[in-house]
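**Q** sequence isn't available, so here's the structure alone:
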DNA sequence: ATAAATTTGTGCGTATGTATC
DNA sequence: GGATACATACGCACAAATTTA
């Protein structure tokens, strides 16, 4: 009684599909004529035509007037359902820690049967727009975005809002555009800057210079924490203590500034650096002036990148979740995609931890070697 | 006479499509009933049904029994044409030079309006299979593949062959599986091993140890070149001169081997390393024993990775095209996709160049510092 | 709540046109 | 030209779902 009768043409469709699948009918084989099928299955030719018509639309058959009906070349690979592709848009692909974040996200997504569509902006907001537009042309299930120059406004806001319109879930990593209220995974950069500076202060350093990139909010927040530590310990924030630089200048400007500082009479005894990449560069500056790290100068890096342990003097630095952040980002996004709840997940904020290595030392401690 | 009469149902289809396109019928609007259309256009209901049926299959309409026919929500964002996505399958995403290759390829592909679908095998042939299968479910325009453990056979050969069956162009980078004859971009690893070793020989070194990874062909070829250099200069290849290791052992095994070697009475005066990552590690081993590089030990790296200049002693190493290889790989693949010619492009083989830095020195030269 | 009207779904019949062999 | 096969077109009857009276 509860049975739903299957229409005749539908049963014929299934029968024919099984013929094809079992190999009884191979590609380019000729199927029986409409009249023959009608006779064999005791149905009208119109009904056969309905079944064949649908199979043709589905690409399993092709029909040639006057010739017959034939099995299509099975070019059909079993297709991925739309929405099983996740886009990831970062500033860089190859720079220090980004590959690790990407690797983490890719691994997790693949485990869950999703694919990763990768794109980078090269820290250029124009390219961010192009990439977003291109991504929107794909049937994406979601997006993981690292903002480009997050401290310099968001000219592509309209595009991001259209993600909401299309109901494409997205999250941000490292930072978020303040205008958007999407979930975000980030490091507590302010705390990191504070911890790095306070570590040096507790080692007795009093003249501490800071070097921060300021075109993204990570840099601004790390600087904020740095300043808070100085204030807390009532150290003056003198002119020239903090060097701000833009991404384009990272190879020269801070290096030159550090050289100038280290040559001055009242040279700083410690550096807090925006990241390990810069710390390695400033390590080189100290070497060039014949200064020993950590005997003459302490340096704190940031991000615990592979560079931190490649140097002779291993860098004291602040941890960054890297792969783990990528994994969690994937988890969170997949949760939003599958998830029922309309409430977006809460932000995940990682506390950076100080990793003590050889590049920092108390002032005035005995020289070695 | 030469006119082909347009069928009634086709004219109706076009009429209805124009209604939708012009906005006379908006999404979720109800279309006139089959009988009404039939009356209005003076045709039978069956003919109307044929037109509506096709439009439904094409996704422009949906029909609800007992209710009516409705215009589909045009959720269709302008879709990317299939085949505008390029897959890239590498062993690692985050390890030293891979990010640079990926970055180069991604940049070039995006310039041409293609997207990059990224996946990594983690040097695991099982994951290589899974990733390939997943990639095949996407409408890929082509594939860039870095073989996984190319020196250890190819259990996924069938999958690679099915790429040919589906006419999906693909190329390999860094190495190729010998069983497959697809275009390949690679470094002349054999020449690199030779150049590195000969450089040391010309500096007067006689006891030169080599450390090579042997689960991929790059390592095997670099070793081959290393041995050829020794032969050419009639140096003996003594027991223990060459250390082979597998990827899993890279963090400990060569390090321990180097320590043992350096402690022996007849310690080698120079190392040729599979890559910079290993060179940095062995630099550390030398430090631990109080040996100075390059005064007591010369080290040659490979790949000119960022690590090579992060160390205090900048590494003498062999160049690798990195980004450029990614860009050229993208170019070559796009050429194959667009290209008419059935003949596949020729391999591109880069000659590695010796980059002289501070980690190598002639034996017996004056000590410094 | 029931019945009637409407609308799409299924199935069959016929006739004619047109392409292929 | 004739036979065969698919394409177009119209007609009817009834079933199933939905809306309306």
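**A** It's in. Model, not experiment: these values are computed from the prediction.

**Q** any idea how far residue A:293 is from chain B?
**A** Distance of residue A:293 to chain B, given as Cβ to the nearest Cβ, to the nearest Å: 10 Å. In short, each C-beta sits where N, CA and C put it, glycine included.

**Q** next one, pLDDT for that residue please.
**A** Each residue has a pLDDT score; the one for residue A:293 is 88.

**Q** what about the strands in chain A?
**A** Along chain A, counting by DSSP state E, strands occupy A:61-64, A:68-71, A:85-90, A:115-120, A:140-145, A:170-173, A:184-187, A:208-213, A:242-245, A:270-273, A:298-300, A:317-318, A:348-350, A:354-355.

**Q** the last one pairs with which strands, parallel or anti?
**A** Taking DSSP bridges as the criterion, strand A:354-355 forms sheet pairs with strand A:317-318 (antiparallel).

**Q** tally of neighbours for the residue of chain A at minimum distance from DNA strand C?
**A** When scored by Cβ to the nearest atom of the strand, chain A has residue A:66 as its residue closest to DNA strand C, at 2.2 Å. Using other Cβ atoms under 10 Å in any protein chain shown, residue A:66 has 4 neighbouring residues.

**Q** chain B contacts on the stretch 51-200 of chain A?
**A** Applying Cβ under 8 Å from any Cβ of the partner chain, we find that the stretch 51-200 of chain A lies next to chain B at A:53-54, A:57, A:75, A:77-80, A:85, A:92-95, A:98-100, A:102-103, A:106-107, A:110, A:113, A:115-120, A:122, A:130-131, A:134-139, A:166.

**Q** can you turn the buried part of those residues into a ChimeraX selection?
**A** What follows is the ChimeraX syntax for the buried subset of these, where burial is set by 16 or more other Cβ atoms under 10 Å in any protein chain shown:
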select /A:53,54,80,85,92,93,94,95,98,99,100,102,103,106,107,110,115,116,117,118,119,120,122,130,131,134,135,136,138
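
**Q** residue ranges with poor pLDDT in chain A?
**A** Within chain A, the segments meeting pLDDT under 70 span A:1-5, A:74-79, A:340-342, A:365-369.

**Q** quick one: the helices in it, in order.
**A** Secondary structure of chain A (DSSP state H): helices located at A:8-22, A:34-41, A:45-57, A:98-111, A:125-136, A:157-165, A:189-202, A:217-232, A:253-263, A:276-288, A:323-338.

**Q** buried residues in the first one?
**A** Read that as helix A:8-22. Going by neighbour count (16+ other Cβ under 10 Å), the buried part of helix A:8-22 is A:8, A:9, A:12, A:13, A:16, A:17, A:20.

**Q** same deal with the second one?
**A** By neighbour count with 16+ other Cβ under 10 Å, helix A:34-41 contains the buried residues A:34, A:37, A:38, A:41.

**Q** give me the contact list for it.
**A** For helix A:34-41, the surrounding residues in contact (Cβ atoms under 8 Å, 6 or more residues apart in numbering or on different chains) are A:12, A:15, A:31, A:32, A:44, A:45, A:47, A:48, A:49, A:52, A:69.

**Q** run a quick neighbour tally on the fifth one.
**A** Other residues near residue A:44 number 12, with proximity taken as other Cβ under 10 Å.

**Q** contacting residues for it?
**A** residue A:38 are the contacts of residue A:44 under Cβ under 8 Å, 6+ apart.

**Q** coming back round to it: between the helices of chain A, which one is closest to residue B:198.
**A** Of all the helices of chain A, helix A:276-288 sits nearest to residue B:198, with 30.2 Å by Cβ to Cβ.
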